[in-house]
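1. need coordinates for the following:
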Amino acid sequence: RSIWVTGVQTCALPISQHLARIDRYDPALKAYIDVDRDRALQAAAESGRRFANGNARALEGVPIAVKANIAVAGLEWNAGMQARRGIFAEADAEAVARLRAAGAIILGTLNMHEAALGATTDNPWFGRAINPHRAGHTPGGSSGGSGAAVAAGLCVAALGTDTLGSIRIPAAYNGIYGIKPTQGAISSAGLVPLSDQFDSIGPLARSLDDLQTVLGVLMKLDEAVRPQRLLVLDTFEDLRCEHSVISAYERALRLLVEWPRSSVKLQDNAASIRSAAFVVAARELIEHLGSMRSECAHAISPELTFMLNHADSRSDAEVADANAVLARTREMLRECIGNDGVLLTPTAPQAAFTHTARPPVTQAAFTALANIAGLPALSIYMEIGRASCRERV
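-> Have a look, this model is predicted:
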């Protein structure tokens, strides 16, 4: 059952039953890190009074949860890191404060890939998050808890962060919607940063209407402009996309047949662009960690340590080459897309896969392009064949 509240489709269940649902399903999903139970119930009581008095706000009573690298006052602000245990947020991040001011009820903080540098949310400190559609499968990352919680109905919407695809990949793997806004459109105040150059806060939700309503609280929405041109990559055969992903992508192309279409040939191959973005982002993370990296080495996982060491070992010439690749890619994408174009790609080359010690390195090959260009990007799912078989584009 559901009801519509000022444009947002929210569960008809009271917050107490939402919390009971978390208690029932989250032990298996590991989507939440902290549940702010008492304050959520207090906020629900206030929302009830506002509904009774006829002064409900845009998100009145809507249960929303927040990725653990975004500050929620009074809760641990750990960014999925053991090294940040015991650090509590003194105030809400600006994005969280906007949600509360619009009447949203913040249920708690959500699991994520350690330090946001990864796309599986197989977190060694807070548990392996599980895709609610398929046991044992990844919900993606780094906002994996956000994707899993929304898909499982443990909140109506969630905040995530996207550095190279960390909102859109979980949206795709969990069959929901997620948007990375234009770089800087939503304040990053209160975010534990990975990369100042690439990071964006954004929402995930089960419908586009919900996504738009939450986004409108987080930022000022300009008047919608319908794109006039469809752009596609000239080839991405080297990424070896799964058949179901290609099928969904080709169906989307058929649905958009009326748009004038042109192809984009990137100057560098997908592997080079992906590698360049990773090196630059990881080296920014090293700077943000500062002395924590050495002083709390025991509280940083071997996986994260390996990735940081790999990025740190790159020579000055290699870093310069990486920045040059990113600059070329950014300039080309912005020029090709302009003010009236849209680039259509799969969200990821694969659907959600079984948790494994060696996840595919290609997960962010498509999504990283929007972060590099600083442009907005939306992940939507498509259904192929049976309704239960959701493929994403």
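2. check contacts around the residue nearest to the spatial centre of the chain.
-> Nearest to the geometric centre of the chain sits residue 167, at 1.4 Å (Cα atoms, centre = their mean). Shown here is residue 167, whose contacts under the criterion Cβ atoms under 8 Å, 6 or more residues apart in numbering are 143, 146, 160, 161, 178, 179, 180, 200, 202, 204, 379. The way it works is simple: take the backbone N, C-alpha and C, and place the C-beta from them, glycine included.
3. and the fourth one, which of the three is it?
-> What that stands for is residue 161. What DSSP: H, G, I helix; E, B strand; the rest coil gives for residue 161 is strand.
4. show me what it is bridged to.
-> residue 201 (DSSP bridges).
5. am I right that it is in contact with residue 66?
-> No - if you go by Cβ atoms under 8 Å, residue 161 and residue 66 don't touch, sitting 10.1 Å apart.
6. all strands for the stretch 251-393 of the chain, in order.
-> Secondary structure of the stretch 251-393 of the chain (DSSP state E, counting those that start in this stretch): strands located at 261-264, 341-343, 377-379, 381-383, 390-392.
7. which of those strands sits closest to residue 62?
-> Among those, the nearest to residue 62 by Cβ to Cβ is strand 377-379 (20.5 Å).
8. the residue nearest to residue 352 when sequence neighbours are not counted: what's it in contact with?
-> In space, residue 352 comes closest to residue 173 once its chain neighbours are excluded; the distance is 3.8 Å by Cβ to Cβ, 6 or more residues apart in numbering. For residue 173, the contact set (Cβ under 8 Å, 6+ apart) comprises 131, 137, 138, 139, 140, 147, 348, 351, 352, 392.
9. any low-confidence regions in the stretch 101-250 of the chain?
-> Low-confidence segments of the stretch 101-250 of the chain (pLDDT under 70): none present.
10. would you map the helices across the protein?
-> Per DSSP state H, the chain carries helices over the ranges 15-29, 37-53, 94-101, 144-151, 168-174, 208-218, 243-255, 270-289, 292-295, 302-312, 316-337, 368-373.
11. the first one vs helix 37-53, what angle?
-> When you say that, I think you mean helix 15-29. Interaxial angle, helix 15-29 versus helix 37-53 (axes from the mean of the first three to the mean of the last three Cα atoms, to 10 degrees): 140 degrees.
12. use 380 as the first number from now on
-> Noted, 380 is the first residue going forward, which turns the last one into helix 394-408.
13. output helix 394-408 as CSV, restricted to C-alpha atoms.
-> Extracted in CSV, the C-alpha atoms of helix 394-408 (Å, rounded to 0.1, in the frame of the first residue of the first chain):
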residue,chain,number,x,y,z
ILE,A,394,7.6,5.2,11.1
SER,A,395,7.4,2.6,13.9
GLN,A,396,6.6,0.0,11.3
HIS,A,397,9.3,1.2,9.0
LEU,A,398,11.7,0.7,11.9
ALA,A,399,10.3,-2.8,12.5
ARG,A,400,10.9,-3.5,8.8
ILE,A,401,14.5,-2.5,9.2
ASP,A,402,14.8,-4.7,12.3
ARG,A,403,13.4,-7.7,10.3
TYR,A,404,15.2,-7.4,7.0
ASP,A,405,18.4,-5.4,7.6
PRO,A,406,20.3,-8.1,9.6
ALA,A,407,20.6,-10.0,6.3
LEU,A,408,21.0,-7.0,4.0
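14. can you pull the buried residues of it?
-> Within helix 394-408, the residues that count as buried by 16 or more other Cβ atoms under 10 Å are 394, 397, 398, 400, 401, 404, 405, 408.
15. what does the pLDDT read for the nearest residue to residue 469 once chain neighbours are set aside?
-> Nearest residue to residue 469, sequence neighbours excluded (Cβ to Cβ, 6+ apart): residue 452, at 6.6 Å. For residue 452, the pLDDT comes out at 98.
16. re the thing from before, buried ones among the contacts of residue 546?
-> 522, 525, 539, 540, 557, 558, 559, 579, 581, 583, 758.
17. among the contacts of residue 546, which pair sits farthest apart?
-> 540 and 758 (14.3 Å).
18. doesn't residue 720 make contact with residue 606?
-> Yes - between residue 606 and residue 720 there is a contact under Cβ under 8 Å: 6.0 Å.
19. quick revisit: so who does the residue nearest to residue 469 touch?
-> With Cβ under 8 Å, 6+ apart, residue 452 has these contacts: 468, 469, 470, 471, 475.
20. and it, how far from residue 732?
-> Distance, residue 452 to residue 732, using Cβ to Cβ, to the nearest Å: 36 Å.
21. cool, and residue 482?
-> Taking Cβ to Cβ, one finds residue 482 at 38 Å from residue 732.
22. just the contacts of residue 552 now: which is nearest residue 628?
-> Out of the contacts of residue 552, the member with the shortest distance to residue 628 (by Cβ to Cβ) is residue 771, at 9.4 Å.
23. hmm, back to that, from the buried ones among the contacts of residue 546, pick the one nearest residue 418.
-> Residue 418 has its nearest neighbour among those in residue 525, at 19.5 Å by Cβ to Cβ.
24. count of residues packed around the closest residue to residue 445 other than its chain neighbours?
-> The shortest distance from residue 445 to any non-neighbouring residue, by Cβ to Cβ, 6+ apart, is to residue 538 (4.7 Å). Other residues near residue 538 come to 30 when the count uses other Cβ atoms under 10 Å.
25. pretty sure residue 538 sits against residue 448.
-> No - judged on Cβ under 8 Å, residue 538 makes no contact with residue 448 at a distance of 9.7 Å.
26. wait, doesn't residue 755 sit right on residue 560?
-> Yes - between residue 755 and residue 560 there is a contact at 5.3 Å, judged by Cβ under 8 Å.
27. those two: who's more crowded?
-> Set residue 755 next to residue 560 and count neighbours by other Cβ under 10 Å: residue 560 wins out with 22 against 15.
28. quick one: contacts for the more buried one?
-> Shown in contact with residue 560 (Cβ under 8 Å, 6+ apart): 579, 580, 581, 594, 597, 598, 755.
29. same check, this time on residue 456
-> Counted by Cβ under 8 Å, 6+ apart, residue 456 has contacts 447, 448, 450, 463, 466, 467, 468, 571.
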